[in-house]
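Novice: kindly generate the corresponding structure for this input.
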Amino acid sequence: MDRRETLCMLTRTYGHNVINAAKTTASDKLTWHPGGVARHALAQLRECAQAAEGFGHILETGGEGYVFDPERRERRKQLQLEANDLNQVAEEVEAGIAQMERGIRAVSNTEEDKAVELFPGFTATLRQLMVFPLRNFIYHEGQINYIQVLYGDSESHWSDSKPIGFPDRDTVAELVTGGVEGIVGFARATQTDKLTWSPEGKGRTILDMMEECRQSGGWGTNSLKVKDKFSFEGFDFDAVMKERMQEPDLDSWESRLRANHKEFLEVVANFPVEDENLVATPMPGFSLSMGDLAFYPAWNLFYHCGQIAFVQCLYGDGSMPPR
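Specialist: Prediction:
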């Protein structure tokens, strides 16, 4: 599977997953603003739709004619907050997914490095734009799930999406590398006294999510090494929790995070082609393809970037971390 087909597959899969996150949110909480400041679930879902439609159109046209319009940007933000019909916004996301697939397939190899100034001071290539909506879908899936926890829903709402095929190895490396840089930026932008703060006494702390992401690189490595024999049987969850640091040490955390994901990417790069279609059943009734296992660490990084940013918003920091 090449990069374009990989990105179409992942964009479609995780676009549907963020719709599922909204659909499993209590109807009376879809427009709830946690802390009175954070954006509600439907606002986030509409942003996902807008981003997919907008970036997909830029890709399809090669960026020709695109000019940043600050008034249009403000209107889009207002439309996000005005969202109140789940089915309508879900249809907007579906349309955005379709637009992204057209856009991804429309960009030729020779056009990928073409740069587009999205807004003053921020320029991205068409190649970079191909991954933005995917990352955004996962980021907001994490935030919507965090909202669910804050209103008391601690159940895991798994999507019914089909197992994914084995993704392009270079694309996995691109996404994992971007996710690592993203979570390091968010972690280092967090106020030290807020690393262990739990919103409403219910939400996971930033430190806990950072530590999970550090560990998940190792989980990804181990799962791919055993391939279709991967199982949750005998998995020591207590040991996993104990292994997490009790006091924040950002330098040690970052060093271990990078080392774990570097090892994971080496395993992905050398994964046997003949084993790509294997399927693991980690527990009865629950199957994972080798593609699911290969993409999990990237998903986990962007998912928790979204949740960490959400916690930062709840304690009053709505700015993005330094790039």
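Novice: dump the residue contacts of the closest residue to residue 113 other than its chain neighbours.
Specialist: The shortest distance from residue 113 to any non-neighbouring residue, by CB to CB, 6 or more residues apart in numbering, is to residue 125 (5.3 Å). Every C-beta, even on glycine, is put in place using the N, C-alpha and C of the backbone. When contacts are counted by CB atoms under 8 Å, 6 or more residues apart in numbering, residue 125 touches 112, 113, 114, 115, 116.
Novice: mind giving me the PyMOL select for these, buried ones only?
Specialist: In PyMOL, a selection of the buried entries from those looks like this (16 or more other CB atoms under 10 Å):
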select buried, resi 116
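Novice: just the endpoints, please. Distance across stretch 161-169?
Specialist: 21 Å (CA to CA, to the nearest Å).
Novice: how far away is residue 209 from residue 303?
Specialist: 9 Å (CB to CB, to the nearest Å).
Novice: the two - which one has more neighbours?
Specialist: Shown here are residue 209 and residue 303; by other CB atoms under 10 Å, residue 303 has more neighbours (27 against 23).
Novice: quick check: next helix or strand after the helix-or-strand element of the chain with minimal mean pLDDT?
Specialist: Sorting the helices and strands of the chain by mean pLDDT, DSSP states H and E puts helix 237-243 at the bottom, at a mean of 79. Using DSSP states H and E, the helix or strand that directly follows helix 237-243 along the chain is helix 250-269.
Novice: which elements pack onto the following helix or strand past that next one?
Specialist: Where DSSP H and E defines the elements, the next helix or strand beyond helix 250-269 is strand 279-283. Packing partners of strand 279-283 (3 or more CB pairs under 8 Å, 6 or more residues apart in numbering; DSSP states H and E): strand 286-289, helix 290-314.
Novice: which sections of the protein are below the confidence cut-off?
Specialist: Within the chain, the set of residues satisfying pLDDT under 70 comprises 160, 245-247, 320-323.
Novice: what's the closest non-adjacent residue to the residue nearest the centre of it?
Specialist: Centrality entry for the chain: nearest residue to the mean C-alpha point is residue 138, 2.7 Å, by CA atoms, centre = their mean. Spatial nearest neighbour of residue 138, excluding adjacent residues (CB to CB, 6+ apart): residue 302 at 4.1 Å.
Novice: host element of residue 55?
Specialist: helix 41-61.
Novice: export the contacts of residue 125 to a markdown table and tack on secondary structure?
Specialist: Formatted as a markdown table, the contacts of residue 125 follow (DSSP: H, G, I helix; E, B strand; the rest coil):
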| residue | secondary structure |
| --- | --- |
| 112 | coil |
| 113 | coil |
| 114 | coil |
| 115 | strand |
| 116 | strand |
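Novice: pick out whichever of the contacts of residue 125 sits closest to residue 89.
Specialist: Closest approach between those and residue 89, by CB to CB: residue 116, at 26.2 Å.
Novice: which residue, other than its chain neighbours, is closest to the closest one?
Specialist: For residue 116, ignoring the flanking residues on the chain, the nearest one in space by CB to CB, 6+ apart is residue 63 at 4.0 Å.
Novice: surely residue 153 and residue 32 touch.
Specialist: No. When contacts are counted by CB atoms under 8 Å, residue 153 is not listed as touching residue 32 (11.8 Å).
Novice: so how many other residues sit close to residue 290?
Specialist: Residues within reach of residue 290, counting by other CB under 10 Å, total 26.
Novice: which residues sit in contact with it?
Specialist: Residue 290 neighbours (CB under 8 Å, 6+ apart): 166, 224, 227, 228, 271, 275, 276, 277, 278, 279, 280.
Novice: buried subset of those residues as a ChimeraX selection?
Specialist: The ChimeraX command for the buried members of the contacts of residue 290 (criterion: 16+ other CB under 10 Å) is given here:
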select :166,224,227,228,271,276,278,280
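Novice: what's the closest of the contacts of residue 290 to residue 37?
Specialist: For the contacts of residue 290, the nearest to residue 37 is residue 224 (40.4 Å; CB to CB).
Novice: just to revisit the earlier point, can you redo the contacts of residue 125 as JSON lines with distance to residue 233?
Specialist: Formatted as JSON lines, the contacts of residue 125 follow (distance: CB to CB, whole Å):
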{"residue": "112", "distance to residue 233": "44"}
{"residue": "113", "distance to residue 233": "47"}
{"residue": "114", "distance to residue 233": "50"}
{"residue": "115", "distance to residue 233": "50"}
{"residue": "116", "distance to residue 233": "49"}
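Novice: circling back: now the contacts of residue 290 as a markdown table including distance to residue 314?
Specialist: As requested, the contacts of residue 290 are exported to a markdown table (distance: CB to CB, whole Å):
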| residue | distance to residue 314 |
| --- | --- |
| 166 | 38 |
| 224 | 35 |
| 227 | 40 |
| 228 | 41 |
| 271 | 39 |
| 275 | 43 |
| 276 | 41 |
| 277 | 43 |
| 278 | 42 |
| 279 | 39 |
| 280 | 37 |
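Novice: closest to residue 148 out of the contacts of residue 290?
Specialist: The closest of those, once distances to residue 148 are taken by CB to CB, is residue 280, at 27.4 Å.
Novice: with that, I have no additional questions.
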